[in-house]
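J.: got a predicted structure here, sequence first:
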Amino acid sequence: MPFRWLKSCYRCFYCYDIFTEPSELKIHQHQHTGDDIKESTMNKYWEQVVYIDVSTLSCKLCSDDIPDLYDLINHLVEKHSVVYNKDVGICMIPFKLDNYSLNCLTCGATFYTFGTLLHHTNKDHKGTSATLCEICGQNFKDANLLRLHVKAIHDSSSLLCQECGEKFESRYKLKNHQKYEHELYKKKYKCLVCDETFRSHYKRSRHMVEEHKNREVIKCLHCPKTFVFRSMMMTHLRDAHLKVRNHVCSVCGWKAFTSHRLKNHMYKHSGEKNFRCDGCDKMFTTRKIMKAHFSRMHKGVPIKNVYEEPYQY
């Protein structure tokens, strides 16, 4: 069974539907029958190899059970005179997909997610192509895409703080460092009436409405909340009352109102911790969890590492 893999989920080789479990994918792909769809799909396929599941491998031209892919190809050529050009290579990478654990067919190592197995296969067994990232094992169509990947993901030379020279593994961490260590994020929005300054246009607008009554606040018709801008009230309405959820997690199906919330949610699956507590330097996967920890463990200490806008799109 041919299949595709996209970051954290399996994809149908023919129609691109996504699945979290191999068993669901296997049931689904039974609906794609006939040579026409196979030929059509392969004519549009640009990868150098095809990932295939060989959990139930056998010859369909006779009754022989042949569990090894390479033995099956030899069997088809020698016993059934199937035309197969071995000069270009096998062009397939076999895996045995299972819901609970996955074993490398080359060395027998056990993994619990396909992503880690694929990383191991590409990096340790060099089984895909010359355009393979030596750092993370990802495969690319050509050398140019590989160079762009390395520069964007692995090259941290561009993520240097210009003030102190410290290196950072993500732009988010560099930006946070510059804001709070070098005070590059200064208050620059001055009130149009008094001398008070603010870090954002929104905070100044809120101040103007509440302190100087330059205009009326906009009230939500369904709850006590008030807003400075009508666009913010409409965003609140769609989120809190209409429950619009158009951003879906490809791993667990959780739905979010904004792409920003979905991005934060994905940290739970990746385990990446980008949010540091100012009280003890402990790292957390989401800002919300970090703030809850800070409130519980560091009462009375001003928190400086969380800057909030009303909505992030």
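T.: Cool, got the structure.
J.: now do the helices in the stretch 201-313 of the chain.
T.: Under the criterion DSSP state H, counting those that start in this stretch, helices of the stretch 201-313 of the chain are mapped to 201-212, 230-236, 259-270, 287-297.
J.: try the stretch 51-200 of the chain
T.: 69-80, 114-125, 143-149, 171-181.
J.: residues in contact with S58?
T.: D64, D65, I66, L72 (CB atoms under 8 Å, 6 or more residues apart in numbering). Quick note: C-beta positions are derived from backbone N, CA and C, even for glycine.
J.: ok, P94 next?
T.: With CB under 8 Å, 6+ apart, P94 has these contacts: I52, D53, V54, L69, L105.
J.: narrow the residues you listed to those in strands?
T.: Per DSSP state E, strands hold the following members of these: I52, D53.
J.: mind putting the contacts of P94 into CSV with neighbour count?
T.: Below are these laid out as CSV (neighbours: other CB atoms under 10 Å):
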residue, neighbour count
I52, 16
D53, 19
V54, 19
L69, 16
L105, 17
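J.: hang on, the earlier thing: most neighbours of all the contacts of S58, which one?
T.: L72 (19 neighbours; other CB atoms under 10 Å).
J.: pop out the phi and psi values for the residue nearest to that residue when sequence neighbours are not counted.
T.: In space, and not counting its chain neighbours, L72 is closest to I66: 4.4 Å by CB to CB, 6 or more residues apart in numbering. Backbone torsions of I66, given as degrees, to the nearest 10, read phi -130, psi 100.
J.: re the thing from before, most widely separated two among the contacts of S58?
T.: D65 and L72 (9.7 Å; CB to CB).
J.: mutual contacts of those two, please.
T.: L57, S58, C59.
J.: of all these, which comes closest to F227?
T.: L57 (60.9 Å).
J.: please report how far the closest one lies from Y84.
T.: Distance of L57 to Y84, computed by CB to CB, to the nearest Å: 16 Å.
J.: tell me which of these two has more neighbours.
T.: L57 (17 against 11).
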